[in-house]
Structures are given as C-alpha cells and as structure tokens.
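Q: Predicted model, plus sequence, below.
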Amino acid sequence: MPHPIVLTLMLSGLLAAQEPPASWIDPDTGHRVVRLTKEPGSASLYFNQNGYTADGRKLVYTTPSGISTLDLATHEARQVVQGRVRLIDAGRKTQRIFYVRDGAAWWTNVDTGESRKIGDLPRRGSIATVNADETLLAGTYIEGDGRDYNNQRPPAAAGSQAPSQSQQQGHSLDQPRNKGQMMEERWAARLPMGMFTLNVATGEVKTIHKATDWLNHLLFSPTDPALLMFCHEGPWHKVDRIWTIRADGTQLKKIHTRTMAMEIFGHEFWSADGKTIWYDLQTPRGEDFWLAGYNIDTGGRTWYHLQRDEWSIHFNVSRDGKLMCGDGGDSGQVARAPNGRWIYLFRPELIPNRGFDDKSLVRPGVLRAERLVNMSKHQYRLEPNVSFTPDQKWVVFRSNMFGDTYVFAVEVARSAGPGKTE
C-alpha cells in the first residue's frame, strides 16, 4: 500500500492528466480549438439564447454552482451569481443578465454586481426570453394540476422533494433517454396553457395568449421589443410549429405552412438584425435537408440545401449574416448521418435565378460546408449548441468529448492544413 502522501500525489497527477487540454489544432480540420471554461459541468447557453453581454466582451455560462462570465479577450472567469438558478438571457442593452431563482425572476449587473428581484412567476410558470430593450420578460404557465411531461412531475406538494438542479435550469444538458415518448405524451395531453409577459420595472404579469397547444421556445426579436416568436411544441410532423405574436397579444401569425406529409420544421432562431427567422426544414422528415429563412418584412423565403452528413441539431448565424454554423449529429438523430459528428462552418450561396422573377417563389441556395472540429468522441446526448462570438472569429460550443462537460471555441480562420500542426 503506497504511503498516503504518495497516494495523494498519484491521484492529483491522475486528475491533472485527465483535465482536457487548454488548446489544440484539430488534425482533421486544421482549426484551432480552445477550452474556455475550467469548471467540470460548465456549459454555454442553448443555441437561441443570448449568451454574450451587451458590450460584446463577455461570454455568460452556467456552472454547477451558479452563473459565471468569461472575458473573451483574456479568458478571465468570474462568478456573478451563486446558487441554484436558471439562466434566461444576457441583456442586449445593458450589462445585466436575467435568471430565475426560487420562483421569481431576477437580474444582476455583471460589472457592478447589483442585483434586483423583478417579480414572482405565475403558478407553474417559467420564463424563457428577454426583449430587446430589457423592459419585458416572457414565458408560459400551465393551468390546473395536469401532469407536466416536460418536467415529468406535477407541482410539488408540501414536504415533497425539491426539483433537481437540472430541472431548475430549464434546458437540461442531457436529452431525456426516451425523448420521443415524452414528446408524444406531452403533446397529446393538451394541457391548458397561458403565455405571459413580466414587466421588468414593475413586476406586473399580463397573460397575452391562451391555448391547449404546447407553447414553448419563446424568443423575443433581438431588435423589435414588441415582437415575440414561439412554437407549438410536440412531434414535429404533427404540429404547425413556428408562430409570432405581438407582446400585447395581437397579430398572431403562423410562419411556415406544410406542403407535404411528414414535412417537419423547427429549432427556429432570429438573425441578429431581427429581419429573418431561420429554421431547420426537412422535406420530408429525415430525407431532404434545408436551412430555411423567412423575412418578416417582405414575406420572402430563402432555402439553403444541405447534405445528410452536414445536417445539424442546431444552426446559428453570424451577426453580419454572411456565415452560418452547425453542431452536427450522430447516427441516432433524425438525419441518420453516417459521418455527421462535426462542428461545421457554412458559407451560404444563392443559386442564380435564370427563370421567373416571382417574389412569391422560394429563393434556393446551398450551404457550402467546412468542418471545424472532429466530434467523434462527443456523446450527442449532450447537444453542443453552437454560436458565433460577437466578433465572428470563433464558434462556441459545449462538449463532453473528454468526459465532463466544458465550453470550447473553435477559430473560424484555419491555423494549419488538415493533418498538420503549426
């Protein structure tokens, strides 16, 4: 038996050896990858949440002990909120971040540390998004006591066990083991729901829409404070998913209409200028793949085609709209891609129109793909959730390729040729 001191040193050395590298050049792509976070279990936000402070200098991320920021220039990290909370968004106007703690919405200024309670959520309510000028939050609640299949439990009774940390954080890191069955059951339950806004200044709650559809994925426009996108959640081939509504409850509008059986569309997100809603489109499900765009001002539609291996669970777009990225997927995803485990960079290319100049027709194009990171060691029960940094030079993602989950970034510019190092 080794001496205790020797054993301690051996274990310390083993743990240090297991810590992921700080940076490397991916030998298959020639792109530099850096590990941004040091805390095991740390994660960047869901792909359509805003994870960057208003000044563009800091990444906001979660850890098992709270919320932290990372200076994108120096990589200096600092915890700004401690405890079991669910991060909603970083504000687009101020240096505030918004989160839920103990059934109430809060904000904290990441520079000054000032914090304030905004207001209590409705019973069985959750907050999903912050509007462009940080005056409103929006969320949903379930009426009555019907079982919420999204959280797998009805409201907690007095003296019952508290929800787990992953449940309180909303978008849990790992997908449910039987997600398909959960989606079918929750969709079929037709629970009565309300959509509400929460006034940041006064804490006033206003219900703006009611339905027995499963209301989910609320997302305010990044530029129009009164425009809200949301989805009818459920099995994608059974729902008309993408909708918009004004923050006062008027102008309810369906964004995409199905044209064939088993056509699916979802994982919608805004362009940075708020002019386009982008979404994954498959015609039909699992066979033909597009990244589709809808212009909210003109109604014009643009569809960019992808190959099967290039399909991604989530896509995102750079702030200038010139580049897109995707987080790939394994063979168990809807695309059944045999070689889809990559972080991708896409350059959109429209097909020249030599035919009819009809504005009602879809403008077709192709996404020209470049592989950024080999994700063959990543377990896709954890969705990487890609996003561009504000300077558009890096693609940020979360990964368990080394075991624990950390936040990484890959440089858009190639550092070396594939198979070579610097």
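A: Looks like it came in fine.
Q: Sketch out the helices for this structure, chain order is fine.
A: Along the chain, the stretches classed as helices by DSSP state H are 4-18, 165-168, 179-189.
Q: from the middle of its chain, how far away would the last one be?
A: In this view, helix 179-189 has its centroid 21 Å away from the chain centroid, taken as C-alpha atoms, centre = their mean, to the nearest Å.
Q: The nearest residue to Arg96 once chain neighbours are set aside bridge partners, please.
A: Distances taken as C-beta to C-beta, 6 or more residues apart in numbering place Trp107 nearest to Arg96, at 4.4 Å, with adjacent residues excluded. Quick note: C-beta positions are derived from backbone N, CA and C, even for glycine. Beta bridges link Trp107 to Phe98, Arg116, judged by DSSP bridges.
Q: between the helices of the chain, which gets the lowest average pLDDT?
A: Mean pLDDT is lowest for helix 165-168 among these, at a mean of 34.
Q: Run a quick neighbour tally on Tyr99.
A: Using other C-beta atoms under 10 Å, Tyr99 has 27 other residues around it.
Q: For stretch 363-371, the averaged confidence score.
A: 98.
Q: buried set for it?
A: Under the neighbour-count criterion of 16 or more other C-beta atoms under 10 Å, stretch 363-371 has 365-367, 369, 371 buried.
Q: Return the closest of those with respect to Asn216.
A: Leu367 (26.5 Å; C-beta to C-beta).
Q: residues in contact with the closest one?
A: 291, 304-306, 310, 324, 346-349 (C-beta atoms under 8 Å, 6 or more residues apart in numbering).
Q: That one and Leu361, how far apart?
A: Taking C-beta to C-beta, to the nearest Å as the measure, Leu367 falls 19 Å from Leu361.
Q: May I ask you to confirm that Asp224 is in contact with Gly274?
A: Yes. Between Asp224 and Gly274 a contact is recorded at 5.6 Å, counting by C-beta atoms under 8 Å.
Q: what residues are shared contacts of those two?
A: Shared contacts of Asp224 and Gly274, counting by C-beta under 8 Å, 6+ apart, come down to Ala132.
Q: Retrieve the pLDDT associated with the closest residue to Gly119 other than its chain neighbours.
A: Using C-beta to C-beta, 6+ apart and skipping residues adjacent in sequence, the residue nearest Gly119 is Gly203, 2.7 Å away. Gly203 is assigned 97 on the pLDDT scale.
Q: tally of neighbours for Gly203?
A: If we define neighbours as other C-beta under 10 Å, then Gly203 has 13 of them.
Q: contacting residues for it?
A: 117-120 are the contacts of Gly203 under C-beta under 8 Å, 6+ apart.
Q: just to revisit the earlier point, could the buried residues of stretch 363-371 go into TSV alongside distance to Asn400?
A: Shown next, in TSV, are these (distance: C-beta to C-beta, whole Å):
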residue	distance to Asn400
Gly365	33
Val366	32
Leu367	26
Ala369	23
Arg371	19
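Q: Of these, which belong to strands?
A: 365-367, 369, 371 (DSSP state E).
Q: now the closest residue to Ser415 other than its chain neighbours, which residues is it bridged with?
A: Closest residue to Ser415 apart from its sequence neighbours, by C-beta to C-beta, 6+ apart: Arg32 at 4.5 Å. Beta-bridge pairing for Arg32 (DSSP bridges): Ile25.
Q: for Arg32, what are its contacts?
A: 23-26, 410-411, 415.
Q: of all these, which two lie farthest apart?
A: Farthest pair in the contacts of Arg32, by C-beta to C-beta: Trp24 and Glu411, 11.4 Å.
Q: which regions of the chain lie under the pLDDT threshold?
A: 1-17, 149-177, 420-422 (pLDDT under 70).
Q: any residues touching stretch 246-254, and which ones?
A: 131, 136, 138, 197, 208-209, 225-228, 240, 242-245.
Q: go again using 10 Å as the cut-off
A: 131, 135-136, 138, 195-197, 206-211, 220-221, 224-230, 232, 240-245, 296 (C-beta atoms under 10 Å, 6 or more residues apart in numbering).
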